[in-house]
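> Got a sequence here, can you build the structure:
(chains A and B)
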Number of protein chains: 2
Amino acid sequence: MLSKAKIKWIHSLDLKKNRTELHLFIAEGHKLVTELLPLMPCRFLTATKEWLQKHPDIEAAEIIEASEQELSKASNQQHPQDVLAVFEIPDRKPDLNYLKNNLSLALDNIQDPGNLGTIIRTADWFGINTLLCSIGCADAFNPKTVQASMGSIARVAVHYLTLEEFLPALNIPIFGTFLEGKNIYEFRDLPKAAVILMGNEGQGISDKLKPIVNEKLYIPEYPSGCKRAESLNVSIATGIICAAFRKPNHINS
Amino acid sequence: MLSKAKIKWIHSLDLKKNRTELHLFIAEGHKLVTELLPLMPCRFLTATKEWLQKHPDIEAAEIIEASEQELSKASNQQHPQDVLAVFEIPDRKPDLNYLKNNLSLALDNIQDPGNLGTIIRTADWFGINTLLCSIGCADAFNPKTVQASMGSIARVAVHYLTLEEFLPALNIPIFGTFLEGKNIYEFRDLPKAAVILMGNEGQGISDKLKPIVNEKLYIPEYPSGCKRAESLNVSIATGIICAAFRKPNHINS
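You can find the predicted model right below:
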């Protein structure tokens, strides 16, 4: 049985303050939880009797059987799932040597937790292991972000940093999207070591970060010059740019 | 003053049944409403005194000044806006001649209204004027879809059709993503007239639509063969595929 106190404790992790203090986050649903279980230490898991019977080998510090009604009270989802787990937030430090030799993503003040989660999932697909977030970005362990990341949160390290200080010190090209940027498809050789900086949903790249971008790019609308939608959603733009960076070079030659 | 009856009427449009019956939908927020006003007939608009004073020339069949509290009661948003409007759903028919000679998007059972709205916005950016949805797709005039579309809902026509009958009759190539598909970057000349069919969030393209796809493609993960994330979010995949179709040919030659 899931006690009221336990439900209250789970919901306390809806708040960033408590997640940060306790180094814990929530994941819900069979697909997400079973993907995270082998990858991250699980502090607590609660599930229906049926789910627990089907998964006798799961490892978690504490396991509690719950009714659907109890799970529904603990859940943040519109359609409560048959399993909910609390995992430890990993303690990761940026690996400077890795960053200097690989492609990374940096996010300037991304506000929507769903966008952040989708970007984490996209980074994972394209083998980008590190996400460098400005201090003002949404929290990577927000329940909505975790759900949208679809398990990629376990594989992509997310760091919160003062980007205007951190990024130039890497001494590698910093790409950013600007209306006056160069058509992304006109870059002949996109480098293997670089940072792709994506701006805020409404404002784009902030004034204090603009000066550190040394490669301005642009995703061309169609037909060229016929601008109808004002912009692309930031997670869509991120996907298109990551795809362009990861396109095999030989195909274009 | 916004009456209780008016607030109830606005909220009745949260339901697809009522939207379909009344041919009306809700849009909220300054940016979205001002973008839609010149493009679609506005049946009703309610806003704060300040907003109305700043926009003396707006045209709507009915305009009511409201307090922030009243607007908040009428709103579906987490952070209520200073303007909310009700627009007429356009009565559009698919243009077969246009479809046979242009690039279109088809969606098979897309469930998330936010994904649908983001796809509408992406289609607009890439000059794709028509979205062909299976009957089971989310509603294009769901408030979440409208908000995510960022005004593109006025420029992209969305039709609900039995895709397995409609698409083959167009007699143009139908592209779909499959795990065993051909790397999208290995297609030398993506056609100007085609349908890009995107599958459901969890299940991909359904069994009844698989046989009508005659060009199977795949967005390669990186590094190639090292599959970590199970898939890309469907709106991200749509963005990457649209970008590939709309890439100027001369750049690749």
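> can we go C-alpha only for contacts and neighbour counts from here?
OK.
> So which residues on the stretch 151-253 of chain A come close to chain B?
Neighbours of chain B within the stretch 151-253 of chain A, by CA under 8 Å from any CA of the partner chain: A:151-152, A:185-186, A:221-223, A:227-233, A:235-237, A:239-240, A:243, A:246-247, A:251-252.
> which of these are buried?
Neighbour-count burial (16 or more other CA atoms under 10 Å in any protein chain shown) applied to these gives A:151-152, A:185, A:221-222, A:228-229, A:231-233, A:235-237, A:239-240, A:243, A:246-247.
> residues contacting residue A:52?
Residue A:52 is in contact with residue A:65, counting by CA atoms under 8 Å, 6 or more residues apart in numbering or on different chains.
> Would you list the phi and psi of it?
phi -70, psi -40 (degrees, to the nearest 10).
> which residues does residue A:215 contact?
Applying CA under 8 Å, 6+ apart, we find residue A:215 in contact with A:173-176.
> Got a quick PyMOL command for the buried subset of those residues?
Remark: buried members of those, expressed as a PyMOL selection using 16+ other CA under 10 Å:
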select buried, chain A and resi 173+174+175+176
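> Is it possible to get a markdown table of the contacts of residue A:215 that adds pLDDT and secondary structure?
Formatted as a markdown table, these follow (pLDDT from 0 to 100; DSSP: H, G, I helix; E, B strand; the rest coil):
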| residue | pLDDT | secondary structure |
| --- | --- | --- |
| A:173 | 98 | coil |
| A:174 | 98 | strand |
| A:175 | 98 | strand |
| A:176 | 97 | strand |
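> The contacts of residue A:215: which two are farthest apart?
The span of these, defined through CA to CA, is set by A:173 and A:176 at 9.9 Å.
> burial count for residue A:57?
A total of 8 residues lie near residue A:57 under the criterion other CA atoms under 10 Å in any protein chain shown.
> So for it, what's the pLDDT?
Residue A:57 is assigned 93 on the pLDDT scale.
> quick one: it from chain B, how far?
Note on residue A:57: its distance to chain B, by CA to the nearest CA, to the nearest Å, is 23 Å.
> Quick check: that residue vs residue A:88, distance?
For residue A:57, the distance to residue A:88 equals 19 Å [CA to CA, to the nearest Å].
> just to revisit the earlier point, please identify every residue contacting each of residue A:173 and residue A:176.
Common neighbours of residue A:173 and residue A:176 (CA under 8 Å, 6+ apart) are A:213-215.
> can you list these in a markdown table and add distance to residue A:61?
Output for the shared contacts of residue A:173 and residue A:176, formatted as a markdown table (distance: CA to CA, whole Å):
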| residue | distance to residue A:61 |
| --- | --- |
| A:213 | 45 |
| A:214 | 48 |
| A:215 | 48 |
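> Show me which of those is closest to chain B.
Closest approach between the shared contacts of residue A:173 and residue A:176 and chain B, by CA to the nearest CA: residue A:215, at 18.9 Å.
> Can you name the residues bridging to the closest one?
For residue A:215, the beta-bridge partners are residue A:175 (DSSP bridges).
> Residue A:116: helix or strand, and which one exactly?
If you go by DSSP states H and E, residue A:116 is part of helix A:113-125.
> contacting residues for the residue in the stretch 1-150 of chain A positioned nearest to chain B?
Closest to chain B within the stretch 1-150 of chain A is residue A:126: 4.6 Å, counting by CA to the nearest CA. Residues near residue A:126 by CA under 8 Å, 6+ apart: A:242-243, A:246, B:221-223.
> What of residue A:59?
By CA under 8 Å, 6+ apart, the contact list for residue A:59 reads A:37, A:42.
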